[in-house]
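[1] Show me the folded form of this:
(chains A, B, C and D)
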There are 2 protein chains.
Amino acid sequence: MSLTTTRRPEAGAAGAATGASADRLLRIQEASEEVGLTPRSIRYYEERGLLEPAARSEGAYRLYDADDIERLRFIKGLRDDAGFSLNDIGQLLEDETARARIGARYRQTADLGERRSLLLDGIARIDRQVETLRSKIDRLQSMVDAATARRQHLEGHLDELDGKAAAAPDPDAGRGSKLASR
Amino acid sequence: MSLTTTRRPEAGAAGAATGASADRLLRIQEASEEVGLTPRSIRYYEERGLLEPAARSEGAYRLYDADDIERLRFIKGLRDDAGFSLNDIGQLLEDETARARIGARYRQTADLGERRSLLLDGIARIDRQVETLRSKIDRLQSMVDAATARRQHLEGHLDELDGKAAAAPDPDAGRGSKLASR
DNA sequence: CCTAACCTTTACGAGAACGTGAAGGTTGGC
DNA sequence: GCCAACCTTCACGTTCTCGTAAAGGTTAGG
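    Take a look at the predicted model:
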């Protein structure tokens, strides 16, 4: 959906940037529609150093490639789903950026020793990201646990009541108590 | 911790300015230190309609009771740990408020039928809260999963390398791979 | 009764995260 | 070559979430 302007991107495009025949480069408006952000937000993220477009057109238009789009989705996810501040996101992205650089470097070297340390570095960065995310999850989980405890408390009273009030066939029975914990 | 404030049925004490010897009422500064918020934030939350002090002194000082403290902790948790906006929190608190009202009503009625429906209502509200929290957890978890997948990918390459490079005693061995999933 | 510590309301300030023009250049179909 | 649509860089406006005085009341201890 949202195939708005089926703008046929340049074919031969003698642009300075890569041959770029693989993934189309998107202008800011298209990119914004792709990921669900406003152009202004994307520019703002750039201002904040969260990302830079893969290229610029001759007229200085920002051009985004697939990696950029992924990165924007990552940012949006962190912002919307996790509620991280752009500063937090910046931290997580530093690792993400480094990871990308490492990936590129990795594919360029044949030195096994270097490859090995690059891998270790990459893993360490991912671990840091995971740790950040997990600490947030843990805190959320503890809130769920607290709520669940209150729920159990209430259920206790309920059982008590049902016990006293004889065994009436509960019309509301089967109330999904999809508790889970971790 | 976090005993659900086993609220005492409030003996007699019908007057406005009670003798207040049961649970001490805290002034804003004391309350703020208790929960780790600034007085300003607490007043702001009041402005936003997130809570109201249980009472006011003759000189109009805000006086907070145990329930208020619990509510403030709840707000702080939502804000800091979950990253919810005060608007989101307001939504969650509507359920929390109703829960408190229900609790009070519960202790006042002897009608088993009413008690029962009050309990069911309370449980339903808690379930909504849990659902909200859990959906956030799930989204965060999926991000962790994605990161973990990348990590495994890198570890695969690493094993590959270590396989090729013979078995050199890894000085960095024992790199905790505390993965967990859910 | 006096005073220090605390409180009240009111109001202006600030940073984060954008929204919204203004003024002008670029792209691309016709 | 022309025009609409899109883009650029300022630059100021806005909302949210408080911080920080300012100008006074209130409380509790001595």
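[2] what does the host helix or strand of residue A:68 contact?
    Take DSSP states H and E as the rule and residue A:68 turns out to sit in helix A:66-76. With contacts defined as CB atoms under 8 Å, 6 or more residues apart in numbering or on different chains, helix A:66-76 is touched by A:23, A:26, A:31, A:34-37, A:42, A:45, A:50-51, A:53-54, A:64, A:89, A:93, A:96, A:100. For every residue, glycine as well, the C-beta is placed using N, CA and C.
[3] Tell me the buried residues in the worst-scoring helix or strand of chain A on mean pLDDT?
    The helix or strand of chain A with the poorest confidence is helix A:86-108; it has a mean of 87 (mean pLDDT, DSSP states H and E). Neighbour-count burial for helix A:86-108, with 16 or more other CB atoms under 10 Å in any protein chain shown as criterion, is recorded at A:86, A:88, A:89, A:90, A:92, A:93, A:95, A:96, A:97, A:99, A:102, A:106.
[4] Name the nearest of these relative to residue A:147.
    Of all the buried residues of helix A:86-108, residue A:88 has the smallest distance to residue A:147: 25.0 Å, by CB to CB.
[5] quick one: the closest one and residue B:142, what's the gap?
    18 Å (CB to CB, to the nearest Å).
[6] And residue A:64, by the same measure?
    Taking CB to CB, one finds residue A:64 at 24 Å from residue B:142.
[7] of the two, who's got more company?
    residue A:64 (26 against 13; other CB atoms under 10 Å in any protein chain shown).
[8] So the residue lying closest to that one once chain neighbours are set aside, which state does it fall into?
    The shortest distance from residue A:64 to any non-neighbouring residue, by CB to CB, 6 or more residues apart in numbering or on different chains, is to residue A:31 (4.4 Å). Assigned with DSSP: H, G, I helix; E, B strand; the rest coil, residue A:31 falls in the helix class.
[9] now residue A:152
    Going by three-state DSSP: residue A:152 is helix.
[10] could you measure it against chain B, distance?
    Distance, residue A:152 to chain B, using CB to the nearest CB, to the nearest Å: 10 Å.
[11] quick one: that residue from DNA strand D, how far?
    31 Å (CB to the nearest atom of the strand, to the nearest Å).
[12] for residue A:150, same thing?
    Taken as CB to the nearest atom of the strand, the span from residue A:150 to DNA strand D is 24 Å.
[13] Just give the number of residues close to that residue.
    20.
[14] hmm, back to that, centre of the chain to the least confident helix or strand of chain A, how far?
    Distance of helix A:86-108 from the chain centroid (CA atoms, centre = their mean, to the nearest Å) equals 14 Å.
[15] what does that helix rub up against?
    A:45, A:48-51, A:67, A:71, A:74-75, A:78-79, A:84, A:114-115, A:118-119, A:121-122, A:125-126, A:128-129, A:132, B:150.
[16] just the helices in chain A please.
    Applying DSSP state H to chain A gives helices spanning A:28-35, A:39-47, A:66-76, A:86-108, A:112-164.
[17] I'd like those as JSON lines, with distance to residue B:156 appended.
    Shown next, in JSON lines, are these (distance: least, CB to CB, whole Å):
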{"stretch": "helix A:28-35", "distance to residue B:156": "29"}
{"stretch": "helix A:39-47", "distance to residue B:156": "32"}
{"stretch": "helix A:66-76", "distance to residue B:156": "21"}
{"stretch": "helix A:86-108", "distance to residue B:156": "13"}
{"stretch": "helix A:112-164", "distance to residue B:156": "10"}
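[18] So for residue B:60, which of those sits nearest?
    helix A:112-164 (33.1 Å).
[19] thinking again about what came up before, the residue nearest to residue A:64 against residue A:43, yeah?
    No. Using CB atoms under 8 Å, residue A:31 is not in contact with residue A:43; the gap is 10.9 Å.
[20] Common neighbours of these two, please.
    Joint contacts of residue A:31 and residue A:43 (CB under 8 Å, 6+ apart) are residue A:62.
[21] From the neighbour counts alone, determine which of these two ranks first.
    Neighbour count, other CB under 10 Å: between residue A:31 and residue A:43, residue A:31 has more, with 21 against 14.
[22] Might you report the residue contacts of residue A:23?
    Here residue A:23 is in contact with A:65, A:66 (criterion: CB under 8 Å, 6+ apart).
[23] Could you measure from it over to residue A:152?
    52 Å.
[24] Burial check on the closest residue to residue A:155 other than its chain neighbours, number of neighbours?
    Counting by CB to CB, 6+ apart, residue A:155 lies nearest to residue B:123, which is 6.6 Å off, once chain neighbours are set aside. If you count neighbours by other CB under 10 Å, residue B:123 ends up with 21.
[25] Then residue A:133?
    23.
[26] shouldn't it be in contact with residue B:145?
    No. Applying CB under 8 Å, one finds residue A:133 not in contact with residue B:145, separated by 9.9 Å.
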